[in-house]
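need a structure here:
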Amino acid sequence: MNKHEILKKYFGYDSFRESQETLIDSILAGRDTLGIMPTGAGKSLCYQIPALMMEGISLVVSPLISLMKDQVGSLNQAGIHAAYLNSSLTAAQYYKALSLAREGRYPIIYVAPERLVTDAFLDFALHVKIAMVAVDEAHCVSQWGQDFRPSYLKIMDFIDRLPNRPIISAFTATATQEVREDIIDILQLREPLVVTTGFNRGNLYFGVMAPKDRYQAVKNYLELHKSESGILYCLTRKTVEEVCSRLIQDGFSVTRYHAGLGDEERRRNQDDFIYDRVPIIVATNAFGMGIDKSNVRFVLHFGMPKNLEAYYQEAGRAGRDGEPAECILYYSGQDVITNQFFIDHNSDNQELDELTRAIVQERDRERLKKMTFYCFTNDCLRDYILRYFGEYGAGYCGNCSNCLTQFETVDVTESARALAGCVKASRQRYGTTVIVDTVHGANTAKIRSYRMDENPYYGRLAKTPVHRLRKVLNELQMKGYLTVTNDEYAIVKLTEKSAELLGPEGENGPQILMKLAKEKEPATAAGSSKKKRRGIAAFAGNGEFTEKEESLFEKLRALRAEIAREAQIPPYIVFSDKTLTHMCLVKPKTKAELLSVSGVGEFKYEKYGEQFLRCIAENMFT
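Sure thing, here's the model as predicted:
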């Protein structure tokens, strides 16, 4: 079979997505290849299809057990023999899998990086033909990346011991230019084809909120999305426990996931979420890498991650099926302090020497600052993310909380001068709250004990609301007129640019303009006014199901759930929400018509096709 026949028969698609074919052709031509593609762009097909066409075995190096199980499960359901080798297998299962692999049963084998250099695996690898080593989540190889894993450095040790060098391909969703260069260098890619398809995920709505009561804001959101599946990320295990417990008390069906739970409970809770037994999972960042649950309709962050790479990867777990989904970050100033503590006490990089570890730590602090600016900015949130990864868009996406908020441009020069002056007069000794309270004229015990009521700028901006003063202070940080130290106390400091604001009164200095919201809250609540039901526009150009189509969709979901329960597989492995959506639009009556639906291939038609045709007929044509 050629690549197009494999695509249709096993995966159910009529054509490749952007750049997939280019990457596949590069691998088939024997060329090392690096693909940087956003989550949900179909990276796995780029190495799975060549693996089915090449002579020999293709190894996929993958960092997490859950990722391997998910990918192998999907391949087996599509009629492709694949296996994984990791610590979740018993010794008997492991050696049985190796025995079957020697017999040529598996064209694709997923393997954990630390397994590569074990005696048993090396003995196997030296006696079979390894056609390709595909490195998934390739950013893990770079110590400058957001998720460095020293075990990934074993990949080249393994390849160097093979009698013949295989093709090396590498794929990741989030990599700055520096990390891309690191991947090429460390994996020793030879004149690789490098394809970056772009980081934009147009189906995702991005929002940032800074509510006084984060839990209440999350609760309100979940009340409006009760029938949908989603992830709620928290910064700490303690917060996961507290939020999960409160949600259960408030009647929500949720489960939890963090590294402090036992292996069995983590596996059970993850499966409850993956198999749609529980719609919402509250988790730390220990959850999610490689989880290919396609119908996640929202990812909420109960706190700010430590960098944009981590945020975009976690947010990217929403809407993998291409349907509309929402990514909302609930921010608090305390998040900066929490993340700074994580950076200062990071034990992940103990294998690095002291100097390198210090450099990594400093870069982590810089990443945290840029993550914080994401929460401050009034510009397009999508554009901010894309610019971080080196892409430049139009500056307006129409699908983020800032683009959907009415702003006005305001001259805040007077406020800016007073804030900077207060910092200077107090000899750069205090944090943001003290500075803001001073210029606002607060009569608190702290202000009096610090004698800030004697500061020449005390009460200078008494008529300006505190929330606006905080926004001006944030703007001055983003524009480089002030900075905040990366330590526990977060002290406001002057910069070289501060002198431009601090000249004598009346002297021509810079005019500070900023966008400020006309309303206190965004005009749209979490983007709900922009949300298109089931993403019909992807297929038909209209934004809503009819009532009968909505009813059919729920019947198809119920059938899918029943099939999944019997087969003991996640529902989305049967068919994704996107495929069910397309069925509702096409309303197929015959095998040929059902095979025209995106995501329905020959193998899956033979397994499930008649049941879905019967369900559609019973609900649409009777």
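
please make it C-alpha for all contacts and neighbour counts, starting now.
Fine.

spit out the contact partners of residue 338.
Residue 338 makes contact with residue 235 under the criterion C-alpha atoms under 8 Å, 6 or more residues apart in numbering.

now do the SS call for it.
Secondary structure, DSSP: H, G, I helix; E, B strand; the rest coil: residue 338 is helix.

how far away is it from residue 299?
21 Å (C-alpha to C-alpha, to the nearest Å).

ok, residue 118 next?
Note on residue 118: its distance to residue 299, by C-alpha to C-alpha, is 38 Å.

ok, the two, which is more surrounded?
Neighbour count, other C-alpha atoms under 10 Å: between residue 118 and residue 299, residue 299 has more, with 26 against 11.

packing partners for the helix or strand hosting the more buried one?
In this structure, residue 299 sits in strand 296-302 according to DSSP states H and E. Applying 3 or more C-alpha pairs under 8 Å, 6 or more residues apart in numbering; DSSP states H and E, we find strand 296-302 packed against helix 214-223, strand 229-234, helix 308-315, strand 325-330.

shaky segments in this structure?
The chain contains residues with pLDDT under 70 at 144-146, 288-291, 347-352, 487-488, 504-508, 519-544, 621-622.

domain ranges for it, per the record?
3-196, 204-388, 407-517, 533-620 (automatic domain parsing).

ok so, going back, partner strands of the strand holding residue 299 and their direction?
Each strand paired with strand 296-302, and its direction, by DSSP bridges: strand 229-234 (parallel), strand 325-330 (parallel).

how about those strands in TSV, adding mean neighbour count and distance to residue 464?
Putting the strands paired with strand 296-302 into TSV (neighbours: other C-alpha atoms under 10 Å; distance: least, C-alpha to C-alpha, whole Å) gives the following:
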stretch	mean neighbour count	distance to residue 464
strand 229-234	26	33
strand 325-330	25	25
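
okay, those in TSV with distance to residue 270 next?
Shown next, in TSV, are the strands paired with strand 296-302 (distance: least, C-alpha to C-alpha, whole Å):
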stretch	distance to residue 270
strand 229-234	11
strand 325-330	20
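
closest to residue 568 out of the ones you listed?
Closest to residue 568 of the strands paired with strand 296-302, according to C-alpha to C-alpha: strand 229-234, at 19.1 Å.

angle of that closest one against helix 214-223?
Strand 229-234 runs at 170 degrees relative to helix 214-223, counting by axes from the mean of the first three to the mean of the last three C-alpha atoms, to 10 degrees.

so which bits of the longest helix belonging to the chain are buried?
If you go by DSSP state H, the chain has its longest helix at helix 354-376. By 16 or more other C-alpha atoms under 10 Å, the buried positions in helix 354-376 come out as 357, 360-361, 364-365, 367-376.

residue 160: neighbour count?
Counted with other C-alpha under 10 Å, the neighbours of residue 160 add up to 10.

residues contacting it?
With C-alpha under 8 Å, 6+ apart, residue 160 has no contacts at all.

ok, now how distant is it from residue 187?
11 Å.

try residue 583
43 Å.

which of the two has more neighbours?
Using other C-alpha under 10 Å, the more surrounded residue of residue 583 and residue 187 is residue 583, with 24 against 20.

quick check: nearest residue in space to that one, chain neighbours excluded?
In this structure, residue 583 finds its nearest non-sequential neighbour in residue 597, 6.3 Å apart by C-alpha to C-alpha, 6 or more residues apart in numbering.

give me every residue that touches the nearest residue to residue 257 once chain neighbours are set aside.
The shortest distance from residue 257 to any non-neighbouring residue, by C-alpha to C-alpha, 6+ apart, is to residue 283 (4.6 Å). The contact partners of residue 283, taken as C-alpha under 8 Å, 6+ apart, are 231, 232, 233, 234, 237, 240, 256, 257, 258.

for residue 283, give the beta-bridge partners.
In beta-bridge terms (that is, DSSP bridges), residue 283 pairs with residue 233, residue 257.

can you tell me how far it is from residue 259?
9 Å.

mutual contacts of those two, please.
residue 237.

wait, isn't residue 8 in contact with residue 602?
Yes: with contact defined as C-alpha atoms under 8 Å, residue 8 reaches residue 602; the gap is 7.4 Å.

on that earlier part again, adding distance to residue 495, write the helices and strands packed on strand 296-302 out as TSV.
Below are those laid out as TSV (distance: least, C-alpha to C-alpha, whole Å):
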stretch	distance to residue 495
helix 214-223	33
strand 229-234	33
helix 308-315	24
strand 325-330	29
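
what about the residue nearest to residue 583, how many neighbours?
Residue 597 has 23 neighbours, counted by other C-alpha under 10 Å.

for it, give me phi and psi.
Backbone torsions for residue 597, taken as degrees, to the nearest 10, come to phi -80, psi 130.

report the separation between it and residue 590.
11 Å.

check residue 253 too.
Applying C-alpha to C-alpha, the value for residue 253 to residue 590 is 38 Å.

do the same with residue 379
Distance from residue 379 to residue 590, by C-alpha to C-alpha: 50 Å.

do you know which of the strands paired with strand 296-302 lies nearest residue 557?
Here strand 229-234 is closest among these (C-alpha to C-alpha), at 13.1 Å.

quick one, which of residue 253 and residue 590 is more surrounded?
Shown here are residue 253 and residue 590; by other C-alpha under 10 Å, residue 253 has more neighbours (15 against 12).

Provide the secondary structure category for the closest residue to the more buried one other than its chain neighbours.
Leaving out its chain neighbours, the residue that sits closest to residue 253 by C-alpha to C-alpha, 6+ apart is residue 278, at 5.9 Å. Of the three states, residue 278 takes coil under three-state DSSP.
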